[in-house]
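Student: what's the 3D shape of this:
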Amino acid sequence: MKKEILLLTLGLILVAVYFTPQLYTPPETTHETTRSTTLITPTSTTTPTSPAPKPIETTTTTTEKPQMTKPNAVYLPDIRVEVLVPQTINTTTLPLRINYTIVIRNVGNGTGTVIIWDKPYKIAPGETLRINSSLLARWAGDYTVETVINGSKHMKVIKVYYYRERLEATPLYINVTKLPAVVTTGVRIKNVGNLTAWVEGVEIKPGEEKVINKTLKIDAAGAYVVNVGGVAVPVMVSYYAANVLWKIGGQGDVEAVPGETYTAWLWIKNVGNATANLDIDGRAVTLKPQEEANISKAVTISAAGLYTVKFRISGDLNTTLYYGIRARVIAPRVEIVIWSPELRRSWPLPNSTDETSVSSIGKTLALTWGYVITTNATKRTVNLAVEDPEGVKYYSLSPGETIAKNFTTTVQAPGETTLEVKVNSTKYSLKTAVQLIPPKITVKDILKIEFEDGRKLLGLKISCRAGSVATDVVLDMLRVSGVLTYTQTGRAIYGDLTVNSARGISTGDYRGKIEGISGQLTLNIAGHNIYLEFTTAPLSLTRVLFDGAQYSCNVPTELVPPILYKDKPTAADEFATEYVYRLLSSFARTDSDRPQSIVWNGDYVEVIDKGGNLLRVYIRRGEIQIEGALTATIVISQ
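Tutor: Below is the predicted model:
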């Protein structure tokens, strides 16, 4: 007995040593204390074997007035642990955070120390420590809350039940006979979940099936998915209808004698999946699937033209079908051809006149033309009486044969003529207008130009200054002539001119040349010698000697013949009128010398300049001649 008491005492001492590393004498008045600690743990899913995370502690202490006890020689703590968790949780939302509390009480009379997640806590006698924590439930099932306190595990199991609706729709099979269609049908929706659902105002309990009316607009057959209150409903649409195929035919082109009859036919077939009911031109026709029928109609030919056969169909096929029979009454076909100077082809209608035009560079044109006669017959021989400029001849024309003849007619240009042939007293005509056009010319090179220009220039004034010496000469240029030659490096000119000055009418001479863009010209006019140096791009005087002395002179550029510094008047496949315009512009000293109107008259180019002068330009082989107030001969090197 003493041995048992000794062992019990020893055990109490060891417990006191473990729970109370320090013994202290309580105060005269003891208090039962409760502390609440909140542990905030990271979000995680707890399984029965997963340790609880280390908490973050916040502590609140409440003190109650303790009962007075007599002091003992030994004070021992008595630690009680309780894990407060809900045993069962019903939820409609996952994931879900579950809160729980660990309650530690010291019901002994000595202060104790507990270690939770490596953190020590002192608990006075009568004090309660509450530690709040949580875990994250991600799915339904059992979750274990495990707490280790002073090396001892404390576990509680939480059962999580997840409730939600789960809706399944029965596929819809809809048959329609027309498209588009609007169909109202019942959609069967079943709740196979464990939570009551509401679909478009209809309550569906777990395991319950309800029919919800839905109106659908259907545009085409096929498989679809429609949304009914958030539920995907498979829909299969089958289209049942008659489908009528048709073909129409007959003799499209016929060679007919008036009074003959020709036929067009209609073939129809129902390739649909429903019986077709038709009315064809007042006749009832019923076609089962894959059944076909043939119908024909005839027309009588009275004249050439297009005859239309009409099939009017109503019922499951609403349409009107047309087939054209083109009847060709056997008749000749006449082609009138202009072979020269330009090819023109025409097919005049019977007793009608076509129109065309040709061009000529001369006043008289030899027009070569002819006709080609065929028929539209492919099986029958046609008898023809043909009247042309040579008289009337008779032919028997078989299919594929032709009648052709050619003629030559002289026509004045400008003018017109009518080419005509009669077949079986029916007239076929082609009116032909002859237009006069200038020829095209090519001038590869020019050797020299001889010219004389009698167009007057009045009031030309030469003003020269040298210090206090001033000389003014006023003159009228009455005529200028010259010869211009071209060299490999430039050009040279010489000639004479007639002027009227204060000295009276006198004739002088001039001579000059151009090398590159630099030129010089010496004039002897009105008793004075004038030496000019100039540039051509642009035309500008650079030096003037008046009677051999250096002067600052204002000399009219009109004294320099323009043909000297203008571009060489060559041409490459250019209309004669266009070339003559450029050529005469090269002689123009003032605007009044420029061409105003240019006309090719069949023999030459007739020009009137702005001064009213009439000029004629002849284009001949090897040379070009200008006649009128300006005369010139341009020697061409071909």
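Student: so where's the stretch 1-150 of the chain uncertain?
Tutor: Applying pLDDT under 70 to the stretch 1-150 of the chain picks out residues 1-73.
Student: repeat that with 90
Tutor: 1-75, 78-79, 92-93, 110, 112-121, 131, 133, 140, 146-150 (pLDDT under 90).
Student: cool, and the stretch 251-400 of the chain?
Tutor: 251-261, 272-274, 301-304, 316, 327-332, 361-363, 375-384, 397, 400.
Student: how does it look with 70?
Tutor: For the stretch 251-400 of the chain, the ranges with pLDDT under 70 are 257-258.
Student: quick one, strands of it?
Tutor: Taking DSSP state E, counting those that start in this stretch to define them, one finds strands in the stretch 251-400 of the chain at 253-256, 261-270, 276-280, 283-287, 292-300, 305-315, 319-329, 332-340, 344-346, 352-360, 364-375, 382-388, 391-397.
Student: Tell me which strands the longest one pairs with, and in which orientation.
Tutor: Paired with strand 364-375 in the same sheet, following DSSP bridges, are strand 332-340 (antiparallel), strand 403-412 (antiparallel).
Student: quick one: buried residues of the last one?
Tutor: Looking back up the chat, that one is strand 403-412. 403, 411 (16 or more other CB atoms under 10 Å). C-beta here means a position set from N, CA and C on the backbone, and glycine is covered the same way.
Student: could the strands paired with strand 364-375 go into JSON lines alongside distance to residue 315?
Tutor: Output for the strands paired with strand 364-375, formatted as JSON lines (distance: least, CB to CB, whole Å):
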{"stretch": "strand 332-340", "distance to residue 315": "46"}
{"stretch": "strand 403-412", "distance to residue 315": "56"}
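Student: And stretch 387-404, how far out from the chain middle?
Tutor: Relative to its chain's centre, stretch 387-404 lies at 58 Å (CA atoms, centre = their mean, to the nearest Å).
Student: For it, buried residues please.
Tutor: Quick answer for stretch 387-404 (16+ other CB under 10 Å): 388, 395, 397, 403.
Student: with the residues you listed in mind, which one is nearest to residue 328?
Tutor: Nearest to residue 328 among the buried residues of stretch 387-404, counting by CB to CB, is residue 397 at 15.2 Å.
Student: Just the CA trace of stretch 558-573, in CSV.
Tutor: Taking Å, rounded to 0.1, in the frame of the first residue of the first chain, the C-alpha atoms of stretch 558-573 are listed here in CSV:
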residue,chain,number,x,y,z
GLU,A,558,13.0,89.4,-134.5
LEU,A,559,16.1,90.3,-136.5
VAL,A,560,17.3,86.7,-136.0
PRO,A,561,15.4,84.4,-138.3
PRO,A,562,13.6,81.9,-136.0
ILE,A,563,14.3,78.9,-138.2
LEU,A,564,18.0,79.4,-137.3
TYR,A,565,17.6,78.6,-133.6
LYS,A,566,14.4,76.4,-133.6
ASP,A,567,14.6,72.6,-133.6
LYS,A,568,15.2,70.9,-136.9
PRO,A,569,11.7,70.1,-138.2
THR,A,570,11.9,66.4,-138.6
ALA,A,571,8.9,64.0,-138.2
ALA,A,572,8.2,60.3,-137.5
ASP,A,573,4.9,58.9,-138.8
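Student: Could you export the buried residues of stretch 387-404 as a markdown table, including distance to residue 622?
Tutor: Output for those, formatted as a markdown table (distance: CB to CB, whole Å):
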| residue | distance to residue 622 |
| --- | --- |
| 388 | 44 |
| 395 | 53 |
| 397 | 54 |
| 403 | 48 |
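Student: Tell me how far residue 484 lies from residue 206.
Tutor: From residue 484 over to residue 206 the distance is 118 Å, taken as CB to CB, to the nearest Å.
Student: what about the two, which has more around it?
Tutor: residue 484 (22 against 16; other CB atoms under 10 Å).
Student: Now do the contacts for that one.
Tutor: 448-451, 491-493, 561, 563-564 (CB atoms under 8 Å, 6 or more residues apart in numbering).
Student: one more time with 6 Å
Tutor: Going by CB atoms under 6 Å, 6 or more residues apart in numbering, residue 484 touches 449, 493, 563.
Student: still on that earlier bit, just put the strands of the stretch 251-400 of the chain in JSON lines and tack on distance to residue 231.
Tutor: Shown next, in JSON lines, are the strands of the stretch 251-400 of the chain (distance: least, CB to CB, whole Å):
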{"stretch": "strand 253-256", "distance to residue 231": "64"}
{"stretch": "strand 261-270", "distance to residue 231": "40"}
{"stretch": "strand 276-280", "distance to residue 231": "39"}
{"stretch": "strand 283-287", "distance to residue 231": "43"}
{"stretch": "strand 292-300", "distance to residue 231": "46"}
{"stretch": "strand 305-315", "distance to residue 231": "41"}
{"stretch": "strand 319-329", "distance to residue 231": "43"}
{"stretch": "strand 332-340", "distance to residue 231": "76"}
{"stretch": "strand 344-346", "distance to residue 231": "77"}
{"stretch": "strand 352-360", "distance to residue 231": "77"}
{"stretch": "strand 364-375", "distance to residue 231": "78"}
{"stretch": "strand 382-388", "distance to residue 231": "82"}
{"stretch": "strand 391-397", "distance to residue 231": "84"}
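Student: Out of the ones you listed, flag the one nearest residue 573.
Tutor: strand 352-360 (15.8 Å).
Student: Just the buried positions in the closest one, please.
Tutor: Under the neighbour-count criterion of 16+ other CB under 10 Å, strand 352-360 has 354, 358, 360 buried.
Student: ok, now stretch 429-438?
Tutor: For stretch 429-438, by 16+ other CB under 10 Å, it's 429-432, 434, 436-438.
Student: So which of those is the closest to residue 101?
Tutor: Of the buried residues of stretch 429-438, the one sitting nearest to residue 101 (CB to CB) turns out to be residue 437, at 116.1 Å.
Student: Got the confidence number for that closest one?
Tutor: For residue 437, the pLDDT comes out at 91.
Student: Distance from stretch 179-199 to the middle of the chain?
Tutor: Using CA atoms, centre = their mean, the offset of stretch 179-199 from its chain centre is 46 Å.
Student: any idea of the mean pLDDT in it?
Tutor: 89.
Student: Now do the buried residues in it.
Tutor: For stretch 179-199, by 16+ other CB under 10 Å, it's 187, 189-191, 193-194, 197, 199.
Student: could you dump stretch 626-638 to PDB, C-alpha only?
Tutor: Provided in PDB are the C-alpha atoms of stretch 626-638 (Å, rounded to 0.1, in the frame of the first residue of the first chain):
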ATOM      1  CA  ILE A 626       5.600  76.300-148.900                       C
ATOM      2  CA  GLU A 627       3.800  78.900-151.100                       C
ATOM      3  CA  GLY A 628       2.200  82.200-150.200                       C
ATOM      4  CA  ALA A 629       3.500  85.100-148.200                       C
ATOM      5  CA  LEU A 630       6.100  82.700-146.900                       C
ATOM      6  CA  THR A 631       7.800  80.600-149.500                       C
ATOM      7  CA  ALA A 632      10.200  77.800-148.700                       C
ATOM      8  CA  THR A 633      11.800  74.700-150.000                       C
ATOM      9  CA  ILE A 634      12.800  72.100-147.400                       C
ATOM     10  CA  VAL A 635      15.200  69.500-148.900                       C
ATOM     11  CA  ILE A 636      14.700  66.200-147.200                       C
ATOM     12  CA  SER A 637      17.200  63.500-146.700                       C
ATOM     13  CA  GLN A 638      15.200  60.200-146.600                       C
END
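Student: Other residues contacting it?
Tutor: Contacts for stretch 626-638 (CB under 6 Å, 6+ apart): 443, 445-455, 587, 613-617, 622-625.
Student: try 8 Å this time
Tutor: Contacts of stretch 626-638 (CB under 8 Å, 6+ apart): 443-455, 569, 583-584, 587, 593, 607, 613-618, 621-625.
Student: biggest strand in the protein by residues?
Tutor: What stands out as the longest strand in the chain, according to DSSP state E, is strand 469-486.
Student: now that strand, how far from the chain's geometric center?
Tutor: 67 Å.
Student: cool, stretch 409-425 as well?
Tutor: 53 Å.
Student: Give the buried residues for that stretch.
Tutor: Buried, per 16+ other CB under 10 Å, within stretch 409-425: 411, 413, 417, 419-423.
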